[in-house]
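> coords please:
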Amino acid sequence: QVQLVESGGGLVQPGGSLRLSCAASGFTSGISAMSWYRQGPGKERELVASITTAGGTTNYDDSVVGRFTISRDNAKNTVYLQMNNLKAQDTALYYCRALRRSFVYWGQGTQVTVSS
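Sure, this is the predicted structure:
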């Protein structure tokens, strides 16, 4: 089993920044990729960004390109999402996801609210 704990969410004004963290514990060896998803009010859960554990290959949704950066610290089993120039439409519950040997694990989520 893999446990994921997200942190770093909060209330921020438009144009502001936040950094989300996701710490993995348990059977972390063999995790091949970690991702951030989000689910806004009345919307389906969507992929925001992903990163491979080995090579650090990243992938972003078009809506966050140039504003969000995903990174990882393999020694700490932690993945980060730096979010800059936040917009109201970024308001959502942000989830961390880990892929390990065809099994998918989810965190509980951290709320990000962008509002003036």
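
> any regions of the protein where pLDDT drops low?
For the chain, no stretch is flagged by pLDDT under 70.

> in it, which spans are strands?
With DSSP state E as the criterion, the chain has strands at 2-7, 10-12, 18-26, 31-39, 46-52, 58-60, 68-73, 78-83, 92-100, 103-106, 110-114.

> who does the second one touch, helix- and strand-wise?
Using 3 or more Cβ pairs under 8 Å, 6 or more residues apart in numbering; DSSP states H and E as the contact criterion, the neighbours of strand 10-12 among helices and strands are strand 110-114. Using the backbone N, CA and C atoms, a C-beta is placed for each residue, glycine as well.

> packing partners for the strand it packs on?
Where contact means 3+ Cβ pairs under 8 Å, 6+ apart, strand 110-114 is packed against strand 10-12, strand 18-26, strand 92-100.

> could I get those as JSON lines with distance to Gln82?
Below are the helices and strands packed on strand 110-114 laid out as JSON lines (distance: least, Cβ to Cβ, whole Å):
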{"stretch": "strand 10-12", "distance to Gln82": "13"}
{"stretch": "strand 18-26", "distance to Gln82": "5"}
{"stretch": "strand 92-100", "distance to Gln82": "12"}
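
> most tightly packed of these?
Mean neighbour count (mean count of other Cβ atoms under 10 Å) peaks for strand 92-100 among those, with a mean of 21.

> now do that strand against strand 31-39, angle only.
Orientation of strand 92-100 against strand 31-39 (axes from the mean of the first three to the mean of the last three Cα atoms, to 10 degrees) gives an angle of 160 degrees.

> show me the strands paired with strand 92-100, marking each as parallel or antiparallel.
Partners of strand 92-100 in the sheet, by DSSP bridges, are strand 31-39 (antiparallel), strand 103-106 (antiparallel), strand 110-114 (antiparallel).

> quick one: the residue nearest the centre of the chain and Ser116, what's the gap?
Nearest to the geometric centre of the chain sits Trp36, at 2.8 Å (Cα atoms, centre = their mean). Distance from Trp36 to Ser116, counting by Cβ to Cβ, to the nearest Å: 24 Å.

> Tyr105 now?
Using Cβ to Cβ, we find Tyr105 at a distance of 35 Å from Ser116.

> higher neighbour count, the two?
Using other Cβ atoms under 10 Å as the criterion, Tyr105 and Ser116 rank with Tyr105 on top: 18 against 8.
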